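Undergrad: Give me a 3D structure for the following:
(one chain, ligands or ions: 1)
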Amino acid sequence: MSTPALILTLLLLAFLFWLGWYWFFRRRRVRPLTKEQEALLERQVDFYRRLSAEDKKRFEQSISHFLEDVAITGVETEVTAADRLLVAASAVIPLFGFPGWSYRNLNEVLLYPDTFDEEYQVKAAQRNIIGMVGSGAMNRMMILSQPALRESFSHPERRHNVGIHEFIHLLDKADGSTDGIPEVLIPHEYVVPWLRMMHHEIKEIKDDDSDINPYGATNEAEFLSVAAEYFFSQPGKFERKHPELYEMMSKIFRQEP
Ligand SMILES: [Zn+2]
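TA: Numbering: from 1, shown residues only. Modelled structure (predicted):
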């Protein structure tokens, strides 16, 4: 081999080596959260506060991953650092029992101010106003009301959490149908008992004999999301009031919040 060809080959090899190195590390390294971000989580996210020191680290890493993968955009509103963390926490909480999993069916979360919704969705059902998972042209997108998102975390005792609600819909949707049976999470043998439990509890809600949000009686998909809001926001109370549902949902989500 002539000298220029040798030099060229070496340069090419060095370039390929650098490219490989760059790819490997860029894709793997997640930026750790800042002290301010950790303090925000501690102050605003009950679920995080209850975790062990080791699990907190894992939670923070999942938050970082999510924030690197998914864009969070304000529509006629300014998105704060805390808002970004609350969106990420809503995403991380339902999947916390599945280390390394992420949302493959999401690119962007839009945060709307309330006024925007009133202008454009006056006749929509209440739930459509505070959050929705996009379909059609809005596929791979989620819309959340910014004030509803903030309230979800500042008032966990209300057992409503719009962020968790919509991320559960997204997990439910991952198998192709939003039907209350998140097949990506739920082991096959639990499907029939889970359906039976949902139908039983939906009947209790309709008979006004349940403290689960009546919106959960709309259909199985809404039941799953609404029950999960309660399960993750007030796990102690949920376990006392609904021990069987709690046990089943601990199996579905592989965690005991
Ligand atoms: Zn819903």
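
Undergrad: use CA for all of it now, contacts and neighbours both
TA: Fine.

Undergrad: which SS state does the spatially closest residue to P214 that is not a sequence neighbour fall under?
TA: Nearest residue to P214, sequence neighbours excluded (Cα to Cα, 6 or more residues apart in numbering): I205, at 6.0 Å. Classification of I205 using DSSP: H, G, I helix; E, B strand; the rest coil returns helix.

Undergrad: Do I have it right that I205 meets T218?
TA: No - using Cα atoms under 8 Å, I205 makes no contact with T218, being 10.0 Å away.

Undergrad: so where do the strands sit in the stretch 101-250 of the chain?
TA: All strands of the stretch 101-250 of the chain, identified by DSSP state E, counting those that start in this stretch, fall at 108-112, 131-133, 141-145.

Undergrad: For my notes, please list those in a markdown table and give distance to L16 and mean neighbour count for each entry.
TA: Shown next, in a markdown table, are the strands of the stretch 101-250 of the chain (distance: least, Cα to Cα, whole Å; neighbours: other Cα atoms under 10 Å):
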| stretch | distance to L16 | mean neighbour count |
| --- | --- | --- |
| strand 108-112 | 32 | 22 |
| strand 131-133 | 41 | 22 |
| strand 141-145 | 36 | 23 |
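
Undergrad: okay, those strands in JSON lines with distance to R84 next?
TA: Below are the strands of the stretch 101-250 of the chain laid out as JSON lines (distance: least, Cα to Cα, whole Å):
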{"stretch": "strand 108-112", "distance to R84": "10"}
{"stretch": "strand 131-133", "distance to R84": "16"}
{"stretch": "strand 141-145", "distance to R84": "12"}
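
Undergrad: right, so of those strands, which gets closest to D175?
TA: Among the strands of the stretch 101-250 of the chain, the nearest to D175 by Cα to Cα is strand 131-133 (14.6 Å).

Undergrad: mean pLDDT lowest for which of the strands of the stretch 101-250 of the chain?
TA: Note on those: strand 131-133 shows the lowest mean pLDDT, a mean of 83.

Undergrad: which residues touch that one?
TA: Strand 131-133 has contacts (Cα atoms under 8 Å, 6 or more residues apart in numbering) with 139-145, 162-163, 166, 169-170.

Undergrad: Stretch 218-235 too?
TA: With Cα under 8 Å, 6+ apart, stretch 218-235 has contacts from 46-47, 93-94, 156-157, 159-162, 164-166, 168-169, 172, 178-181, 198-199, 202, 212-213, 215-217, 238-239, 246, 249, 256-257.
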